[in-house]
Each structure stands twice: as structure tokens, then as C-alpha cells.
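**Q** Coordinates only, no sequence provided:
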Ligand code: WTA
């Protein structure tokens, strides 16, 4: 941990003082409209989850125990047998809901598809049979590297159906990143596509996959979906077209009854080292957590058209495009491409076309739309909307109010939802029929969740004082570990404070107990709502033979929240030139993915270090953000700071 909580810029977040009550009509009709639910959950949180697990989920065999908590290891609903794909599909189709649309899908070029629950179930069964034909068995890992097409949820649910944990790799990640994840998970099969569309271009997924597979040995077979139709290499004996193996399978594929704690998926996320962590999620508790939060926080009704505009490659997509909405028999929208393609009103035309009632997106997207101007939204009829959501980073009150006014027409509550890949489900959020909203605050922990803000010693801090956000009680969708690295699980999340989950975020509560999130307190940056580790980017930079050393920090950015700023020391015989800067930026994009490309690179002769040789990122952050410098007493050579400071000023 290189930072203390006092470094966090909090002032800007706390200025907005207006309060927004739930509109009366909304409150009356809301799924949850009595605050008693919090009391009930607090009285006995295990009984609370127990009752819901029974009422919300289908079980092949009942569980014997609600919670087995042996810190930091939790087992939920032990002894039960369940299948996530059965809960998302079969039970709806069997009770007559097969004709309901599961997904309105829209490709970036404008092609569309409507997928019903019956369609999805049929395709999932066929895909599951195809996986079985390729030798995939219960417990085998399957890597998925696909664009945002309906076959992506099909592939995930097919894995869930046979008990093969999937690991979805975001389509914007590089070949190297894909290889790393395949190697760590030892995936046996890879499901990919020839490509996907983004901003009018083709993302060469198959080409990246081919490159990745040169550096992996576990993958035996590759299923390739034809999406773009451009030429790709197919390796005989290894690669099979989706259309040659999936459609001709039998439609008979019963869902496998699996233990509650059977691994549903692995999802890699950036931590404070160069190696991403494979976060393990299991079946029953995860499904309960995501379906219940989805139903209550988004106030899901049978007639809603819900759109979570995230990518399925991130946890938001796993929980709130695939598993939560399908478990709730919801109609969702999936859109493949960029928000401003072909024009900045693409999203608003989608909302108008499908009469979307609930929109869930990230502050960075809202700020981009703010920049493009409200006229694009105003040109469309957005009156179908009744609720808005935000996730991924703290939402500044200005963006909150813009979203509320221009998108929600001042009639839609905004739910700001705080959670993480690790938490699996939303943990802090308003309940829109109850909670009085304060723009910029994620408000209160979900019923049954116990969050606190503590100081270095683990003691709760008084209102108004910043501290570390912790979770003091297990919750059903919590991560069960880091794949292949049990020590890191304990070390990262459970060692700072005994038996308490350390989130890595700073927070503060106000006099009324509202939670205000203040950003990460570790070496993780948040760029457009995506987690990127400073050390990952540094490793990619020093991977270039001309770079001697690099230090990376997040610099405040109007649109993306943080932008990546890299300080680079070159080897002594290398000339710093703008071209080299550009080459290094591209190098990082190639190594990790375009989202990790530094916005700025600054060549510097030296870096501020402690006497023990640790780079003081905090100081660099202060310099880059033009803040008053924090404590410099541990600095080995104070003149370095002045040198960099004057260079930064000259450069701005
Ligand atoms: C940040 C995304 C403030 C936070 C679901 C967290 C937020 C990290 C919010 C997790 C929010 C997410 N307000 N900060 N509403 N939601 N964050 O794993 O720093 O991609 O630790 O999960 O995003 O990012 P992840």
C-alpha cells in the first residue's frame, strides 16, 4: 500500500446538498417500498438470506446449512444441488415463459436479432453438447474471448449447464493478456469469433487468439463463431467453426445438478501486482446475490426493458447482463459497439427504439455524453425510461445531475451502485422506492450487508472523516478465493484487519450515515470504470528494451475519471523523442490492451524514491494533479521532485 487515505481528493464530491425523494408513483409501485426490510435483514441476516434462497431459486436438492463461516472462507447453502443455467432458462420456459424476449440484440453495423428464452435454452443445450463432444467435463475451464453477440451469453450458460467454469476475457484485451489468463486457468477449450465491430472497425479476435495460443499449451480445441466474415486462419485439428459444431447438436441436454459451491466462473481483475487475479465465483450464493440485487435495486417488473450498457467481459456484464437479469426472466438489450457510432446519439436511438425502461451505465460514459452535449438525447423520445443506474467509479454530482435531468427527464431515480469483481453483487446502493438520494453518494449497504469505514487500526471513524471501506460480514455472492493462489486471497483481502474484508477503496460517511466513495487507496487506477494496475503498465513499459525504469500513476481526467500518466527513465544511450513516446504508448496497448495505453508519457532523468528504494507514486500523483505535496521526509533525494515538477510544468 503506497498511499494513505488522506491523499484522496474528496472535496469535490461533497458539495452537492440537494436531496431527491422517491417519486410518489414510483414508491407506490416499487418492489421494495418499506424500510422494514433493513430491520428484518439486521435481526438475523442468515435467516434473511435463507428465506430468499428458498423463494427465489430452484433447487434440485435442498441445502442443509445456510452459511458456514470459517473466516476468511465462506460456504453458502452447503449440501444443496442447483444449476445456474436451469435457474436462468429452464424454469422460465417450463412455466410458459419461453416466448418472452431475453435479449434484443443490436450489432454495431445495425443488424438486429430478437432472442427469446426458448431460443436461448435451445442454443445453450446445443452449445453444451458441442462442448461435451470436444471432451469438456465438469470442472474443466473454458476460456471465452468474444464480441458482444448473443452467442457470448449462450457460451457462458452452456458452461454453467455442464459445470465447466468459464473465464471470459474482455474482447479489448491483447493476445498477451489472453494468453496469461488461459495459462493461469489452464483452459481446455477456447470459444472465440473471427472478429467483432467497434467504431466501424473489426477487432481481430481470432488473430489475437492465434497469437495467444502460441504461448499456451492447455487449449486443445477452439470454437470460432463467424461474426464479421473476414478471412481468418483456421488450424486444422484444433479450430472448428461454431456453425459446424453447434447447430447440428441434439437439443437434449439436461442441466447438471451441481453443488452450491461448485465454481461457476473465474474472472481476472487487476490487483496491486503485475499479475491479474483470477477471482473465483461459485453457483448458488452468487446467483442469489445477483438476482436479488437486480430485482430490488433495478425494481425489475415483468414488462421492463432493461439495458446494462457494460461489456459482458467485465463483472458488471456477468452479473447484470447475464446471470441476474436472466434469473429474473427479464427482457434486456445488448448492444455490440461504441456509444458514438455512427453518431453520438446511438444510445438514445436504441432507448427510443426498444422503449428501454431502465438504463445502467458508468459515470465515464455519462461524462462523455455530457461533452457531446444534451442535444443528442433531446432529439430522441426517452420517455420510456423510469430508472437510471451508475457503476464503476464515484459519480461526481455534476454528472449525476446531468444524467438525472437530460436522460431521466427529472422523473427517474438514479441508483449509484458500489461493488467490485470480488463482491460479485452490488453491495452499497439505494433502493429506489425507499432511499432519499444525494447526488454523488451510493447511499446505504444493501439489506444484510454490513459495511463500515475504519481507520488504520480498524476502528470505525466518525462521520465526515475519510477511512477504508470494509465489509464485516460474509455475503452470498462473495469471492471464494483467487484461483491457484490461496495465500494471495488471505493477504489481499483479509490481512489488513482480522476477519474483515478490505475493499481497497476509501470512503466516508456523512451525519446521516450515507456512504461517499472516494476512490482506490492502493496501486489500482480506475480508467473509464476499468481497473488497471499501475504495476501492470509499468511492467509493459520496462518490457521495451529502451526503458530503464517506469512509474505510473492515475491523473485526474474530466471524462475517464483517471488517465494513465507514465514517468519513464530511458537507458542512457537512448534519446527521448515524441516518436519514442508514441511507440511506448502503442507498446503498452499491444501488451495489455488499448484501455491501458498511457495518455501521457513523460521522460524523466530520475524518480522520487524512499531511502529503501521504493518509488513514491504518491508524490508523482501530487505533481501530476498539481496538488500540494504530501510528506517528503522519507525521500532519498528531494531535488528529484523539483526537477520533475519543473519539467511537468514546462510540458503541460
Ligand atoms: C470502483 C466494477 C465508486 C471502486 C463493478 C471498486 C465504484 C472498483 C463504484 C471495482 C461506485 C465501482 N462508486 N466507486 N458506484 N462502483 N467502483 O472490479 O474503486 O471492475 O473498488 O467492479 O470500481 O471495479 P470492478
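**A** That came through fine. The shown structure was predicted, so the numbers you read here are calculated from the model rather than taken from an experiment.
**Q** Alongside the ligand, which residues does this structure contribute?
**A** 269, 314-316, 391-394, 416-421, 442, 503-505, 517, 520, 526, 531 (C-beta under 6 Å from any ligand atom). (C-beta placed from N, C-alpha, C; glycine too.)
**Q** so of these, which ones are in strands?
**A** Under the assignment DSSP state E, these contribute 269, 391, 416-417, 503-505, 517, 520, 526, 531 to strands.
**Q** for those residues, which one is nearest residue 95?
**A** residue 417 (29.3 Å; C-beta to C-beta).
**Q** wait, the closest one sits on residue 428?
**A** Yes - with contacts counted by C-beta atoms under 8 Å, residue 417 reaches residue 428, the gap being 7.3 Å.
**Q** Leaving out the residues flanking it, which one is nearest to residue 215?
**A** residue 179 (4.4 Å; C-beta to C-beta, 6 or more residues apart in numbering).
**Q** Just give me how far whichever strand or helix holds that neighbour sits from the chain centre.
**A** Applying DSSP states H and E as the criterion places residue 179 in helix 175-185. Here the centre of helix 175-185 is set off from its chain's centre by 18 Å, with C-alpha atoms, centre = their mean, to the nearest Å.
**Q** quick revisit: now do the residue nearest to residue 215, the pLDDT please.
**A** Residue 179 is assigned 97 on the pLDDT scale.
**Q** which ones are touching it?
**A** 211-216 (C-beta atoms under 8 Å, 6 or more residues apart in numbering).
**Q** from these, which is closest to residue 571?
**A** Closest to residue 571, out of all of the contacts of residue 179 and judged by C-beta to C-beta, is residue 215, at 26.3 Å.
**Q** Isn't the closest one up against residue 183?
**A** Yes - contact criterion C-beta under 8 Å: residue 215 and residue 183 qualify, at 7.5 Å.
**Q** about what we covered before: quick check: next helix or strand after the helix holding residue 179?
**A** strand 189-193.
**Q** what's the angle from that following strand to helix 175-185?
**A** 150 degrees (axes from the mean of the first three to the mean of the last three C-alpha atoms, to 10 degrees).
**Q** Count the neighbours of residue 606 for me.
**A** For residue 606, the neighbour count with other C-beta atoms under 10 Å is 14.
**Q** hang on, the earlier thing: flag every buried residue along the helix holding residue 179.
**A** Neighbour counts over helix 175-185 (16 or more other C-beta atoms under 10 Å) mark 175-182, 184-185 as buried.
**Q** same check, this time on stretch 123-141
**A** In stretch 123-141, counting by 16+ other C-beta under 10 Å, buried: 123-132, 134, 136, 140-141.
**Q** Tell me which entries of the residues you listed lie within strands.
**A** Among these, no member falls in strands (DSSP E).
**Q** Out of the contacts of residue 179, which is nearest to residue 438?
**A** Out of those, the member with the shortest distance to residue 438 (by C-beta to C-beta) is residue 212, at 45.2 Å.
**Q** Tell me the confidence at the closest one?
**A** 98.
**Q** so who does it touch?
**A** 175-176, 178-179, 182.
**Q** quick one: secondary structure of it?
**A** helix (DSSP: H, G, I helix; E, B strand; the rest coil).
**Q** ok, of the contacts of residue 212, which one's closest to residue 227?
**A** Relative to residue 227, and with distances defined as C-beta to C-beta, the nearest of these is residue 178, at 17.0 Å.
**Q** Please list only the buried members of the contacts of residue 179.
**A** 212-213, 216.
**Q** Distance to residue 561 added to the residues you listed, as TSV?
**A** Shown next, in TSV, are the buried ones among the contacts of residue 179 (distance: C-beta to C-beta, whole Å):
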residue	distance to residue 561
212	29
213	34
216	33
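**Q** What lies in contact with the top helix by length along the chain?
**A** Counting by DSSP state H, the longest helix found in the chain is helix 117-133. Applying C-beta under 8 Å, 6+ apart, the contact partners of helix 117-133 are 85, 89-90, 92-93, 97-103, 142, 150-151, 153-155, 157-159, 161-162, 164, 189, 223, 245-247, 249-253, 326, 329.
**Q** Just the buried ones from those, in PyMOL syntax?
**A** Buried residues among the contacts of helix 117-133 (16+ other C-beta under 10 Å), as a PyMOL selection:
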select buried, resi 85+89+90+92+93+97+98+101+102+103+142+150+151+153+154+155+157+158+159+161+162+164+189+223+245+246+249+253+326+329
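**Q** Relative to the ligand, which residue of the stretch 451-600 of the chain is the closest?
**A** residue 517 (3.5 Å; C-beta to the nearest ligand atom).
**Q** count of neighbours near the nearest residue to that residue once chain neighbours are set aside?
**A** Distances taken as C-beta to C-beta, 6+ apart place residue 394 nearest to residue 517, at 4.7 Å, with adjacent residues excluded. Residue 394 has 26 neighbouring residues, counting by other C-beta under 10 Å.
**Q** Surely residue 394 touches residue 515?
**A** No - in this structure, residue 394 is not within contact of residue 515 by C-beta under 8 Å, at 10.7 Å.
**Q** Spell out which residues sit in contact with residue 511, please.
**A** 463-464.
**Q** does it count as helix, strand or coil?
**A** Once three-state DSSP is applied, residue 511 turns out coil.
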